[in-house]
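>>> could you look at this predicted model? Sequence included:
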Amino acid sequence: MTVPTRAPDRLSSPISAGVGESAVRPDGTLKVTGEFAYSSDLWMDGMLWGATLRSPHAYARIVHLDTTRALAATGVFAVLTHEDVPGRNAYGLEHKDQPVLASDVVRYQGEPVAIVAADHPQTARRAVALIDVEYDLLDPVVDPSTALDEATPRLHPDGNLVRHVRIRKGNDAVQADVVVTADYEVGMQDQAFLGPESGLAVPAEDGSVDLFVATQWLHVDRGQIAPALGLDEDQVRITLSGVGGAFGAREDLSMQVHACMLALRTRRPVKVVYSREESFFGHVHRHPARMHYEHGADRDGRLVYVKAEIILDGGAYASSTPAVVANAATLGSGPYAVDNVTIDSYGVYTNNPPCGAMRGFGAVQAAFGYESQMDRLAEAVGIDPVEIRVRNGLAEGGTTAAGQVIDSAAPVAELVRWVHDLPMPPPSSGDLRSMPGGVSNSTHGEGVVRGVGYGVGIKNICFSEGFDDYSTARVRLELVAGEPVASVHTSAVEVGQGLVTLLAQIARTELGVQQVTIEPADTSVGSAGSTSASRQTYVTGGAVQAVCQQVRKRLLERRPGYVGSPGDMPLRELLVDGPVEETVEWRHRPTTPLDPETGQGSPHVQLAFAAHRAVVDVDTELGLVKVVALDCAQDVGRAMNPQAVVGQIHGGSAQGLGLAVMEEIQVVDGLLRNPSFTDYLIPTILDMPPMQVEVLELADPHAPYGLRGVGEPPTISSTPAIVAAIRAATGLELTRIPVRPEHLTGT
Amino acid sequence: MTRITVNVDGTSYTDDVEPRTLLVHYLREQLGKTGTVVGCDTSNCGACTVHLDGRSVKSCSVLAVQADGHEVTTIEGLATNGELHPVQRAFHENHGLQCGFCTPGMIMQSIDLLAENPDPTDDEVRLGLEGNMCRCTGYQNIVKSVRAAAGGAK
């Protein structure tokens, strides 16, 4: 295989640290020196550049497609359409409903129609403009609330319903003394990772292909790419390139098949790099949601029932919508003990941008609904927001909306008390720069009101509903220059969360070895599953732990009768006879599918909880919000790397802040109106306040090292906490996020 | 084409460029200095920040021809003899990065900030880095890293 310059490196760190220590990242030096090979940095002599023609319409029939002019342009090596897809022109994570290149119909703005390979990125882009397409415009389906109506056109053969999950727990006819009801809406959020989609496909002589790409799950990419290329899976080899953030947006394919098609056709390496604008069209987003919630409680505020209808707009293709729908349903009553739950959660097709995975995955949307309801309930019964959550919070032994008994820590009341007891920020200093509006000098403090709010969230960790969720790890232990060295090989994707650090820590702890090398992730080793659902430390960490134990066992066979701790094993002596290499496929405990009628079962491996307290200053005249403090308490089971854990909580909280007050993809009649960082705003360093973080370590006896997944929970609870704080400051109902200035000023 | 001579990371380069070529594209595609990355194309994210004659600029907002006769320092030119610059070391040791895509720009901007204000407060660090976006860290450990590099961290 020919390897591109700036290929992925083997990673090792001179500073050794085991489980529970704040080891520094083995990829850190490369990242601070600019030597880390992101997928956009790949280079190969003689490579071509790919570009993509995308539909400008949300819904249209393609009546004419002519590539003649583009193909005739100087420097253009290939122009390919649906007719050139070598295999099956359909892919998708759960349903194969998405074409590699549109044939007769385009179902969303940005859908790929044709691809070009040329000798320069500009040549490729200009050639794209020379492709002639004639569209017959159709009326787009843009309202998810009416997508299922009989009169609405069907966008896919089986209709517009992607999935409906019913939760029927307890008695749905039960009455309550206090009832609060409201409708809520969540806008479309973008993952906005900083490193746009990119990769390099390299054709081999025998018709197979190597792909270097930033993604989240190499083997599921391959499982979709190979059939589209008409190749066997072993003819598609994938190596992970440097990933500039993911947050769910890289779960679906983007440029993978396109680059491979162009490379196989031209017999040249082909690189594809999306611009930021193209990136907004090139990946799925967080599902917008419309939710109707009804909570019933007794006069003390103890929940009697929760009823909800949740509609998630999946956009044009299914992506991971089925699993998002299940999360919204099974977590839809939140981290609270309630005997009677009735939830209908729907995912529907529309001609809006496709939606799929984003950090929090269905739990984020529901949390805005149920947490807003808990505050309403608190007000209705006359207790404060902390007390309502303490009174109803789930605890170990309780059951979820799906009827699943929680068999490890569920410290909801404790987490809320923790954040409540943290020191409050000082009153506004009067410095204009610290006011809402900041340096734009829009207030001197008049009209500025402070508010405090709380939020708690619940998230499933790992894949659910009976999915065969496993990871594969290979470890080789050998003497290198007389010193024992372990190399760890998995296909698990490092997206920035620090997995490579943790895998090395685990190997050090389990093998008692100082030097650990992390091999580049690729498909020459078995699947590690996805870097999503906060699952990699649990599952690939579990796999590395298991394979290390296997290696240890093999080593000890070389000296029968040895009794001692792994740290004391005479490694040098035991390895003199040669290296030990083992590969293990490791599974977490099984889960069950949901009962199709009642949604009851044990669908989740593990549940994780976080709580936030937000403090905001609101300029009520201009509708501007300054988040003054955003503090978090989270149970992580075991802090495998305390510094990395806290870093995840910081980053997750910031993304929740974005959804609360600024981030929304504006879609009008199916068209995306703000595909840039000028118009789609993510929090800057001035938007994000200093955080206090409390980390609880209540070990989960079922999980490796007792750990609990960390990445998603903080994204879930920060949003409702901030909105609650704005409500506390203004007295407004605020049933839609992100909260915009006009929601606050009523203008 | 216009001929330019630019000193980049201590080496002098003379190249023909189109007048419209952005400095970041010159660095990445002509010189192969891919340590400077492109995050947004619209000058919002700051990932492409470099130094032009010692002051930070977003290299997507400077033409290559504007660098003619000037000195450019990128993230790749900071370490000397394998020894990390103190700001690089601080980001590494204080978990000031996750995916790392914003890191080159953050570090270049932080060095400029510290040159102006060798011992900034947290608020001053925040004001100095407001043109650089990070999606992973929530900025907490970035502030910590800059303070640590300044020797001001507790």
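That came through, no problem. Numbers count the residues shown, from 1 in each chain, chains lettered A, B, ... in the order given.

>>> can you pull up the most central residue in chain B?
B:Met108 (3.1 Å; CA atoms, centre = their mean).

>>> can you tell me if stretch A:9-21 touches chain B.
No: judged by CB under 8 Å from any CB of the partner chain, stretch A:9-21 and chain B are separated, with a smallest distance of 9.2 Å. Every residue, glycine included, has its C-beta placed from N, CA and C.

>>> that should have said stretch A:611-621, apologies.
No: remark: stretch A:611-621 sits outside contact range of chain B, by CB under 8 Å from any CB, the gap being at least 12.2 Å.

>>> please save the CA atoms from that stretch in PDB.
Provided in PDB are the C-alpha atoms of stretch A:611-621 (Å, rounded to 0.1, in the frame of the first residue of the first chain):
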ATOM      1  CA  ALA A 611     -26.900  18.400  36.700                       C
ATOM      2  CA  HIS A 612     -26.200  22.000  36.000                       C
ATOM      3  CA  ARG A 613     -26.900  25.300  37.700                       C
ATOM      4  CA  ALA A 614     -26.900  28.300  35.400                       C
ATOM      5  CA  VAL A 615     -26.700  32.000  36.300                       C
ATOM      6  CA  VAL A 616     -27.600  34.500  33.600                       C
ATOM      7  CA  ASP A 617     -27.900  38.300  33.300                       C
ATOM      8  CA  VAL A 618     -30.600  39.300  30.800                       C
ATOM      9  CA  ASP A 619     -30.900  42.700  29.200                       C
ATOM     10  CA  THR A 620     -34.700  42.700  29.100                       C
ATOM     11  CA  GLU A 621     -34.800  45.800  26.800                       C
END
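
>>> domains in the chain, by residue range?
By default, I'm working from chain A. A:11-37+A:470-587, A:40-138+A:196-243+A:250-282, A:285-464+A:595-745 (automatic domain parsing).

>>> not quite, I wanted chain B
Split by automatic domain parsing, chain B gives B:2-77, B:86-149.

>>> what ranges do the strands span in chain B?
B:2-8, B:11-17, B:49-52, B:55-58, B:71-73 (DSSP state E).

>>> reformat those as JSON lines; add mean pLDDT.
Below are the strands of chain B laid out as JSON lines (pLDDT from 0 to 100):
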{"stretch": "strand B:2-8", "mean pLDDT": "98"}
{"stretch": "strand B:11-17", "mean pLDDT": "98"}
{"stretch": "strand B:49-52", "mean pLDDT": "98"}
{"stretch": "strand B:55-58", "mean pLDDT": "98"}
{"stretch": "strand B:71-73", "mean pLDDT": "98"}
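
>>> A:Ile716: which of those is closest?
strand B:49-52 (32.6 Å; CB to CB).

>>> residues in contact with the closest residue to A:Ala654 other than its chain neighbours?
The shortest distance from A:Ala654 to any non-neighbouring residue, by CB to CB, 6 or more residues apart in numbering or on different chains, is to B:Gly138 (3.6 Å). By CB atoms under 8 Å, 6 or more residues apart in numbering or on different chains, B:Gly138 lies in contact with A:647, A:650-654, A:683, A:688, A:691.

>>> so which of those comes closest to A:Ala328?
For the contacts of B:Gly138, the nearest to A:Ala328 is A:Gly652 (18.4 Å; CB to CB).

>>> flag every buried residue along the helix or strand hosting the closest one.
Assigned by DSSP states H and E, A:Gly652 falls within helix A:642-661. Neighbour counts using 16 or more other CB atoms under 10 Å in any protein chain shown place A:643-661 of helix A:642-661 among the buried residues.

>>> rounded mean pLDDT for the helix or strand following it, please.
Going down the chain from helix A:642-661, the next helix or strand is strand A:667-668, by DSSP H and E. Averaging pLDDT along strand A:667-668 yields 98.

>>> what sits against the residue of chain A found nearest chain B?
Relative to chain B, the nearest point of chain A is A:Gly34 (2.1 Å; CB to the nearest CB). Contact analysis of A:Gly34 by CB under 8 Å, 6+ apart lists B:33-36, B:74-76, B:104.

>>> what do you get for B:Val65?
Counting by CB under 8 Å, 6+ apart, the residues that B:Val65 touches are B:2, B:4, B:17, B:19, B:21.

>>> likewise B:Gln98?
So B:Gln98 contacts A:245, A:496-498, A:647, A:651, B:136-137 (CB under 8 Å, 6+ apart).

>>> bridging residues for the closest residue to B:Val8 other than its chain neighbours?
Once flanking residues are discounted, B:Val8 sits nearest to B:Val72: 4.7 Å by CB to CB, 6+ apart. When bridges are assigned using DSSP bridges, the partners listed for B:Val72 are B:Val8, B:Leu52.

>>> B:Val72 contacts B:Val6, doesn't it?
Yes: B:Val72 lies in contact with B:Val6 (CB atoms under 8 Å); the separation is 5.8 Å.

>>> count of neighbours near the closest residue to chain A within chain B?
In chain B, the residue found nearest to chain A is B:Gly35; the distance is 2.1 Å by CB to the nearest CB. Neighbour count of B:Gly35, defined by other CB atoms under 10 Å in any protein chain shown: 26.

>>> let me see the confidence value for it.
Reported pLDDT for B:Gly35: 97.

>>> what's the answer for A:Ser440, then?
For A:Ser440, the model assigns a pLDDT of 84.

>>> from A:Thr517, how far out is it?
51 Å (CB to CB, to the nearest Å).

>>> more neighbours: which of these two?
A:Thr517 (18 against 12).

>>> what residues are up against A:Gly512?
A:565-569, A:571.

>>> most surrounded residue in the residues you listed?
A:Leu571 (23 neighbours).

>>> apart from its chain neighbours, what residue comes closest to that residue?
A:Pro484 (4.1 Å).

>>> show me what the helix or strand containing the one you found is packed against.
Assigned by DSSP H and E, A:Pro484 belongs to strand A:483-489. Judged by 3 or more CB pairs under 8 Å, 6 or more residues apart in numbering or on different chains; DSSP states H and E, strand A:483-489 is in contact with strand A:470-480, helix A:499-511, strand A:515-518, helix A:536-556, helix A:571-575.
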